[in-house]
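Enquirer: quick one: sequence plus predicted model below, questions after.
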Amino acid sequence: MKKENIKELTDKELLDRLDAAEKAYAQEKIQHAISPLDNPAKITLDRKLIARIKTEIRARELKINK
């Protein structure tokens, strides 16, 4: 998901996506520890997606407080 797409989401959608992404990330890390994934770079991509979503949530919080 690109930054432009993340900015278009509502606050509720962002929190839902964040929750889903964090669960998927945790599950992939567990699976990768047991047996290697076909594409281990997906773990890195998921971590970056979580960071992008958290960054957008924090930017909106700061914008509200100003």
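Expert: That came through, no problem. Numbering: from 1, shown residues only.
Enquirer: which element, helix or strand, includes the residue most central in space within the chain?
Expert: In the chain, the centroid-proximal residue (C-alpha atoms, centre = their mean) is residue 50; its distance is 2.2 Å. Using DSSP states H and E, residue 50 falls within helix 41-65.
Enquirer: so which elements touch that helix?
Expert: Where contact means 3 or more C-beta pairs under 8 Å, 6 or more residues apart in numbering; DSSP states H and E, helix 41-65 is packed against helix 3-8, helix 11-34. (C-beta placed from N, C-alpha, C; glycine too.)
Enquirer: by mean pLDDT, show me the worst of the ones you listed.
Expert: Note on the helices and strands packed on helix 41-65: helix 3-8 shows the lowest mean pLDDT, a mean of 87.
Enquirer: who are the packing partners of that one?
Expert: Short answer (3+ C-beta pairs under 8 Å, 6+ apart): helix 3-8 packs on helix 41-65.
Enquirer: relative to helix 11-34, how tilted is the helix it packs on?
Expert: 150 degrees (axes from the mean of the first three to the mean of the last three C-alpha atoms, to 10 degrees).
Enquirer: now do helix 41-65: distance to the chain's middle.
Expert: 6 Å (C-alpha atoms, centre = their mean, to the nearest Å).
Enquirer: now do that helix: everything it contacts.
Expert: 1, 3, 6-7, 9, 11, 14-15, 17-18, 21-22, 24-25, 28-29, 32, 37 (C-beta atoms under 8 Å, 6 or more residues apart in numbering).
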